[in-house]
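J.: sequence and predicted structure, then a few things I'm wondering about:
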Amino acid sequence: MLGTCLYCHTELERRAMTKHLSACPARRAAIEQAEQQNIPTEPLYHLFVEDAHDPYFWLHLEMRGSSTLKELDNYLRAIWLECCSHMSDFYIGSWQGRKLAKSRTVRQALHKGDQILHIYDYGDTSETRITVVSVREGKPTTPRPIVLMARNRAPDYRCVECGQPAVWWCWECLAEIGEMFCYCEACGRTHEHEYYGSGDEESAPEWAMPLVNSPRVGLCGYTGLRIRVLKASTPKHKRRNALDRWRSSSSILPAGGARCGGSVCGCV
Ligand SMILES: [Zn+2]
Ligand SMILES: [Zn+2]
Ligand SMILES: [Zn+2]
Ligand SMILES: [Zn+2]
């Protein structure tokens, strides 16, 4: 369950990453740069985010204390969860715990050591656990509410036919056989389930669901960030426009102005 520090691109296990982030020289440099700016300080929250049932998926975030839980909800939807605007809520501890109003600021709602549960979709439910690792007083390193500091590596999905990296899984196979079969681009074209694609950037085989770095793959109609399904053959300006649209609608930004290496927004 290796992941990447988005400041220095070191790869580490999820627990080791917590320690690394407190000492990472590239992160320190980003913090020092922020401290020289003429902006107010505020409490900044180091949040460890993980899928409650699959330890493969995790994120380390830094969030401004003045931001709201609604902004955290938007972020989780954008990076991991959003399929069709399902309901979501935060609970203290577990489902049995008290519900937290999304209008509350992080500063009001959270303290060091707290653990909260985020529920997305009360049908095909995704449960995300969020732990407050630490709180520091300082100047935020970006104007956005949340900085992505580290993230698990994308899963190594393999094609069931040829063993090459897979890009799609077939929902018709899942419905008929109950298993999630993955296919590479080439084998997907000859998969027995029907292909309706027309060859432009919007098309994919009718059965094909994209394999993305999210614990929601396989649940409801989840297809990940739309930017991820744009093909390499898409003209550059179209890719750029889609990326711009996505950036302006979300609060995800790679840490400290660094590129995310394609793990978040396809910016490589
Ligand atoms: Zn680092
Ligand atoms: Zn859905
Ligand atoms: Zn293949
Ligand atoms: Zn199939």
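T.: Looks like it came in fine. Worth saying up front: this structure is predicted, and the values here are computed from it rather than measured. Ligands and ions are numbered 1, 2, ... in the order given.
J.: tell me where the chain has helices.
T.: Ranges of helices within the chain are 14-23, 25-35, 69-76, 106-109, 171-177, 185-189, 236-249, based on DSSP state H.
J.: what does the protein have sitting close to ligand 3?
T.: By C-beta under 5 Å from the ion, the residues of the chain that approach ligand 3 are 159, 161-162, 164, 184, 187. From N, CA and C alone the C-beta is placed, and that goes for glycine too.
J.: kindly recompute the last result at 6 Å.
T.: Within the chain, the positions near ligand 3 by C-beta under 6 Å from the ion are 159, 161-162, 164, 183-184, 186-187.
J.: C-alpha coordinates for stretch 103-118, CSV please?
T.: C-alpha atoms of stretch 103-118 as CSV (Å, rounded to 0.1, in the frame of the first residue of the first chain):
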residue,chain,number,x,y,z
SER,A,103,-21.9,24.2,8.0
ARG,A,104,-19.5,23.9,10.9
THR,A,105,-15.9,25.0,10.4
VAL,A,106,-13.1,22.4,10.9
ARG,A,107,-11.9,24.6,13.8
GLN,A,108,-15.3,24.3,15.6
ALA,A,109,-15.8,20.6,14.8
LEU,A,110,-12.4,18.9,15.1
HIS,A,111,-9.6,18.5,17.5
LYS,A,112,-6.4,16.5,17.5
GLY,A,113,-7.0,12.8,17.7
ASP,A,114,-10.7,13.0,16.7
GLN,A,115,-12.1,10.4,14.3
ILE,A,116,-15.1,11.0,12.2
LEU,A,117,-16.9,8.9,9.6
HIS,A,118,-18.1,10.2,6.2
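J.: how far off centre is it?
T.: On the basis of C-alpha atoms, centre = their mean, to the nearest Å, stretch 103-118 sits 19 Å off its chain's mean C-alpha point.
J.: again with stretch 182-195
T.: Its chain's C-alpha centre and that of stretch 182-195 lie 27 Å apart, by C-alpha atoms, centre = their mean.
J.: from here on, count from 13
T.: Noted, 13 is the first residue going forward, which turns the last one into stretch 194-207.
J.: return that stretch as PDB; C-alpha atoms alone will do.
T.: Provided in PDB are the C-alpha atoms of stretch 194-207 (Å, rounded to 0.1, in the frame of the first residue of the first chain):
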ATOM      1  CA  CYS A 194     -10.600  -5.900 -16.200                       C
ATOM      2  CA  TYR A 195      -9.400  -5.300 -19.700                       C
ATOM      3  CA  CYS A 196      -6.600  -3.400 -21.400                       C
ATOM      4  CA  GLU A 197      -7.600  -1.100 -24.300                       C
ATOM      5  CA  ALA A 198      -6.800  -3.700 -27.000                       C
ATOM      6  CA  CYS A 199      -8.400  -6.700 -25.400                       C
ATOM      7  CA  GLY A 200     -11.400  -4.500 -24.400                       C
ATOM      8  CA  ARG A 201     -12.100  -3.900 -28.100                       C
ATOM      9  CA  THR A 202     -12.600  -7.600 -28.700                       C
ATOM     10  CA  HIS A 203     -14.400  -8.400 -25.500                       C
ATOM     11  CA  GLU A 204     -17.600 -10.500 -26.100                       C
ATOM     12  CA  HIS A 205     -19.800  -7.800 -24.600                       C
ATOM     13  CA  GLU A 206     -20.900  -5.400 -27.300                       C
ATOM     14  CA  TYR A 207     -18.800  -2.400 -28.400                       C
END
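J.: sort out which residues of it are buried, please.
T.: 194-197, 199-200, 203, 205 (16 or more other C-beta atoms under 10 Å).
J.: ok, and what's touching it?
T.: With C-beta atoms under 8 Å, 6 or more residues apart in numbering as the test, stretch 194-207 has contacts from 169-174, 176-182, 184-185, 217-220, 223.
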